[in-house]
Structures are given as structure tokens and as C-alpha cells.
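In: Provide a 3D model corresponding to the input given below.
(3 chains)
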Amino acid sequence: MLLQSQSHSLRPLTTAHLAQTMTLLGLTALELRQKVEAELAANPALELVNEHRCPTCHRRLPPSGPCPICSQPKHPESEQPIVFVSSREDFRTYGIRSSGDELPDEEWTAATEDLPTYVLRQISPELEVQDRQLAAHILTSLDEDGLLSVTVLEIARYHHVPISRVENVLHLIQRADPVGVGSPSTQEALLVQLSVLSETRAVNPVTERAIREGMDLLSRHAYPELGRLLGISSVKAQKIAQFIGENLNPFPGRAHWGDIRHGTAAKTSYQNPDVVISKLRESTNTALVVEILSPFAGTLRVNPLFRKALSEAPKDKTEEWQSDLDQASLLVKCIQQRNNTLVRLMQRMVVIQRDFILNGDAHLYPVTRARLAEELDVHESTVSRAVSGKALQLPNGRIVPLSKLFDRSLHIRTALRQIVAQESKPLSDTQISKLLDKQGYSVARRTVAKYRAMEGILPARFRHQNLVHQ
DNA sequence: CTATGGCACGGATT
DNA sequence: AATCCGTGCCATAG
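Out: As a prediction, this is how the structure comes out:
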């Protein structure tokens, strides 16, 4: 009897607590925002109070104490990341800010954002404030394929600025994630992609000429003529076309985020980051600033007035009000817990992956969610939920899935890419396997083949034709 | 005979 | 419990 009553009064609270924390953890910042908004509207016991902002950096201040960023410069060389929850409202207005006007809220509520916002977010760190309007103009003038439908000249005239300034902004945009986005033509999109690609991979130099001079032949699949134009055989021309088809995408707007593989990938959704990492300073050993984006500005709390009012509630309402109150405080607790978990997770993660965050793919340290869970003393599924579906913005502006931090083979794959890029003559998978082994990565030959495929690298016998032709 | 992709199995991961 | 991933074996192409 006693036992039962206990389990009735205690259990529901803890299980509900756990269940809700779990679901909240699985939500991205934007999904959470929707939930909070709905709850806010439905539950009078909840209250959102505005908070102070740091006057210098405009970030939301923690409940007490100084701004975590601006108070930091005294120890700029700290190895320890600064992790905090931020509402980062300034991001919201990056959309289309015409002379200080705030963006309507609807622009922000979608769980996935549109292409312009997505790109703007990436380039904003490098974007001069006065160029934001230019960027907004360009980005809103994209057609559905991600190509620019107006000319640079028109934009420059409209804003009364030199063409070069518009071009600079455009250059930034083109190299942002759907690489080539904002190019005036499919041809230029391909060229931009090719130049970005050639930074990480060996690319046959003829490819560029093929795009530059033989674009129309290329699109008509007229390989013999293309070969004649470039002075190579028809077969080789076809190989080049194949390479282009597999690695480049003439319609950047159609590419899914992440890989620029087959343009058939229909998903045109771009995710908002849930976590933003930036450098405090430009130095190598700078502290990293990690912001866990909070989806609403201010603090969510239980309305103290409502709590008071409960004692004077009309009889028929007390039960309802009580449940509202319970629900509200539960939600608040759970959100705090969610934030707490996320902060702890990122704190650890940033230390582990510091090299990767600063220096790129090759330095990714393979960690499993299980190991991290053990270190943080939480359940594996907690880590899983916290990571899944979320996105992370790196200091270089790239937005990657948070799960990339748990990629077990990325570093090996980049090593492989380097080997292939530096090879003087095409190496077979077996040879590559041996080379990787020397670098400390022991992978089976068969696995090399898989990685190769993942990276879109052709088999040795095809690579041969793609190399410089003497 | 060598290089590579397909299939499938087992163990790790989620 | 379901899924992912590395790997071995085998068929096939060159």
C-alpha cells in the first residue's frame, strides 16, 4: 500500500522528467523553439523574461556574472574552450536587414531554412557589415537552381557601389557550402566547384579547359568533338565528362548539403546550426568559443504571479492550474538539463576535436558516442540523441552535421585523398593500403576500395587517364 | 594473373 | 533490436 502510493506520487514525476529531457535533447534548436512557443501560448504558468545583453558583443548574458566573451580577453591564450548557451539573435537578422529593420519572426520558425539564409550564415563572419545588403540582394536573386539571375552590374548600380565590391561579396558566396552558388551560369558554377575541388584532390587540368571552352559540347554529350577541341581522344573526353558528372553539379541550389555528389539528390534543405564554434582570437592557440544556440531570447521560467494566484484559484480550476504549473516547471527543468547536457558534451568534444575544428578533416580524432558517454557518465542513448539531427558551425563558416565529430574513418579518408593527390602514377588499392599502413592506419584492401568510392575517387585504371597527358 | 566491385557475415555502434 | 562498418570470399573485367 505504502509502496504503491510512493510509486504513484514519485514515479510519474521522474519518468516524465526523464522522458521529456530525452525528447528535448533530441530536438534541434529550431524544433525546440517551436515547442517552447506552443507551450508558451498554451500554458499561462510559463513566462519568458527578457534578459540583459552584453553591450559590446550583443550576446545574451548568463543569469549572473559578466559576459563570457568580453570578460575573457585577460586570458586569451587559454586552452579551455568557453562554452555557453546563447540566443544569438543577431543571426536572425542576417536574413534581409534593410537599414536596421528586424526580420519578421516567420522567417525563422521553419525547422530548415532557405538557401539564402543558409549561405548568408556561413559567410557572415567574413562579411563586412556594410556589405550585408549586397549579400542579401545577391542571395535573394537566386533562382531555384542556385544561379544568379541578375547581373553584377545591376546590383552595383542599385546600391551605388563599385562593381568590385559586389564581386568580392559574390566570390565569398560562391565558395560557401553549396559550392558555386550564386554563379551567373552553370559554366561558372562548375569552374568554381572545380577550383575548390582541386584544393583537396588531384584534378586533370584538361577538365578546366573542357568546361571553359567546350561547355556546349559537354552538355550535348558530343564527346568526339570535345576531344578534337581539346586535342585528346574521344574516350578521354568522355572520361572527363564522367568526372564532371560525378563530382560537380551545375545547379548548386539542388545539391544537398555536405557532399556535392549526384545532382539528383532532391533534398534542398539546409540546416541551421545548433552549435556555433568560433575563435576568440585569430591566433593558433586561441581559446574556442562554443555557443549552444538557444532557440528563444531571454529566460523561460515559471511565472511567480501565477504561482501565487494558485492559492486563490477558483475551486473548479485548481486542478487545472496545478497541472499547468507542474508542466511548466517540468519544462523549465528539462530545458535546463538539455542545455546542461549539451554544454558538457560540447565542452568535452571541443577539447577532443580541437585539432579538427581548427585544422580540418585530416585531424579528426575518431571517438565513439559510447566512449564519450562513458566519460561524461551519461547513457549512450543520451549522447546519441544529443547529436542526431543537429548541426555545427565551424570557425571557418562551414556547417556540418554534429555527427561528423564521431566519424570513425574521416581522417583515414583524408589521408587516402592526400595519397592519391600526391601519387605520381596511379596506385592500386593494395598499394594504397600498404601506404596507409605505414602512416599507422591499417585498413584492409577492400576497405580502401570503399573509402575510395566514398570520396568519389576513380579506380586506378581510370585515374590513369585523368592524369597529365604528356 | 591482378585489380576491383558485389554480396554477405560478424562484430561494433547506436 | 536495428543499423552501420570493416572485411573476406568470389566473380568478373582487364
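In: which helix or strand lies directly C-terminal to the longest helix along chain A?
Out: Looking only at chain A and at elements set by DSSP state H, the helix with the highest residue count is helix A:315-352. With elements assigned by DSSP states H and E, the helix or strand that comes after helix A:315-352 is helix A:354-359.
In: hmm, who's touching the helix or strand following that following helix?
Out: Next in sequence after helix A:354-359, counting helices and strands by DSSP H and E, comes helix A:369-376. The contact list for helix A:369-376, computed with Cβ atoms under 8 Å, 6 or more residues apart in numbering, reads A:344-345, A:348-349, A:352, A:379-380, A:382-384, A:387, A:406. Quick note: C-beta positions are derived from backbone N, CA and C, even for glycine.
In: ok, residue A:251 - contacts?
Out: Contacts of residue A:251 (Cβ under 8 Å, 6+ apart): A:145-147, A:186, A:189, A:263.
In: tell me the confidence at residue A:168?
Out: The model reports residue A:168 with a pLDDT of 92.
In: doesn't it fall inside a strand?
Out: No - counting by DSSP: H, G, I helix; E, B strand; the rest coil, residue A:168 is not part of a strand but helix.
In: relative to residue A:353, how far out is it?
Out: As judged by Cβ to Cβ, to the nearest Å, residue A:168 and residue A:353 stand 32 Å apart.
In: so these two - more neighbours on which side?
Out: Taking neighbours as other Cβ atoms under 10 Å, residue A:168 and residue A:353 compare with residue A:353 leading, 21 against 15.
In: against DNA strand C, how distant is that one?
Out: 17 Å (Cβ to the nearest atom of the strand, to the nearest Å).
In: next up, the contacts around that residue.
Out: Counted by Cβ under 8 Å, 6+ apart, residue A:353 has contacts A:364-365, A:367, A:405.
In: kindly report the same for residue A:24.
Out: Counting by Cβ under 8 Å, 6+ apart, residue A:24 has contacts A:32, A:35, A:334-335, A:337-338.
In: and the residues you listed, which is closest to residue A:244?
Out: Residue A:244 lies nearest to residue A:32 out of the contacts of residue A:24, by Cβ to Cβ, at 41.4 Å.
In: now do the longest helix of chain A against helix A:369-376, angle only.
Out: When axes from the mean of the first three to the mean of the last three Cα atoms, to 10 degrees is applied, the directions of helix A:315-352 and helix A:369-376 differ by 100 degrees.
In: which residues in the stretch 1-150 of chain A form helices?
Out: A:2-9, A:11-26, A:29-42, A:89-92, A:106-109, A:115-123, A:132-140 (DSSP state H, counting those that start in this stretch).
In: worst average pLDDT in these?
Out: Among those, helix A:106-109 carries the lowest mean pLDDT (a mean of 32).
In: gap between residue A:302 and DNA strand B?
Out: Applying Cβ to the nearest atom of the strand, the value for residue A:302 to DNA strand B is 34 Å.
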